[in-house]
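>>> Have a look at this fold, sequence not included:
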């Protein structure tokens, strides 16, 4: 059974929710963790937790990650319709990105080695690589849904190009282009 950790910006579009459901139900995969990235990561984590609980996977840890791109910037606030579904959650601050990323590193070190799959911005992966390099020993491989073969950069690259550059240069991940997951 292939163990995976899914790093996601779930909530803006349906694609990450479908990916989480597929990973949670796939007979040959075992989710060992989920982390959220970019913008209101606590609401994103709430959504992932809710979905995993409904799938009967309450043991899978879900942690909010970095809100801001690697080089800083504004907090992305487009959280889609689930923003009306989530309960009132305490406000998060981008100042706590480091603590949230450290919590992800600690959780990753507590599980057996796994394959890291990023389906959102690569911010968490880049910060883990830079700030907690020991955790990369847990990563048997890295796969990123990032890029497209034609036209402008895909969203997961465009929203944090610095993180994407670091991850591609240092980790040499398997890249899955947008064309593999959509018709656009």
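Cool, got the structure. Predicted, not measured: the structure shown is a model, and the values here were computed from it.
>>> What ranges does this protein have for its strands?
2-8, 29-36, 62-64, 114-118, 139-145, 174-176 (DSSP state E).
>>> Now mean neighbour count too, for the ones you listed, in a markdown table please.
Where C-beta positions appear, they are placed from N, C-alpha and C, glycine not excepted. Shown next, in a markdown table, are those (neighbours: other CB atoms under 10 Å):
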| stretch | mean neighbour count |
| --- | --- |
| strand 2-8 | 23 |
| strand 29-36 | 23 |
| strand 62-64 | 25 |
| strand 114-118 | 23 |
| strand 139-145 | 19 |
| strand 174-176 | 15 |
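>>> Serialize those strands to a markdown table and add fields for mean pLDDT and distance to residue 98.
Listed next are these as a markdown table, based on pLDDT from 0 to 100; distance: least, CB to CB, whole Å:
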| stretch | mean pLDDT | distance to residue 98 |
| --- | --- | --- |
| strand 2-8 | 98 | 17 |
| strand 29-36 | 98 | 14 |
| strand 62-64 | 98 | 13 |
| strand 114-118 | 98 | 19 |
| strand 139-145 | 95 | 20 |
| strand 174-176 | 85 | 27 |
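>>> In stretch 108-125, which residues are buried?
108, 114-125 (16 or more other CB atoms under 10 Å).
>>> coming back round to it: possible to save the strands of the chain as CSV with distance to residue 130?
Converted to CSV, the strands of the chain look like this (distance: least, CB to CB, whole Å):
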stretch, distance to residue 130
strand 2-8, 15
strand 29-36, 16
strand 62-64, 18
strand 114-118, 15
strand 139-145, 14
strand 174-176, 20
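>>> residues in contact with stretch 5-16?
17, 19-20, 23, 31-39, 43-44, 47-48, 65, 78-80, 82-83, 108, 111, 114-122, 124-125, 156, 181-182 (CB atoms under 8 Å, 6 or more residues apart in numbering).
>>> Please narrow those to those residing in helices.
17, 19, 20, 23, 43, 44, 47, 48, 108, 124, 125, 156 (DSSP state H).
>>> isn't the second one right next to residue 119, touching?
Yes - taking contacts as CB atoms under 8 Å, residue 19 lies within contact range of residue 119: 5.5 Å.
>>> how near is residue 129 to residue 30?
24 Å (CB to CB, to the nearest Å).
>>> scratch that, residue 16 is what I was asking about
With CB to CB as the criterion, residue 16 and residue 30 are 19 Å apart.
>>> for residue 119, same thing?
17 Å.
>>> And for residue 108?
Applying CB to CB, the value for residue 108 to residue 30 is 15 Å.
>>> Tell me where the model's unsure across this structure.
Within the chain, the stretches with pLDDT under 70 are 75-85, 148-150, 178-184.
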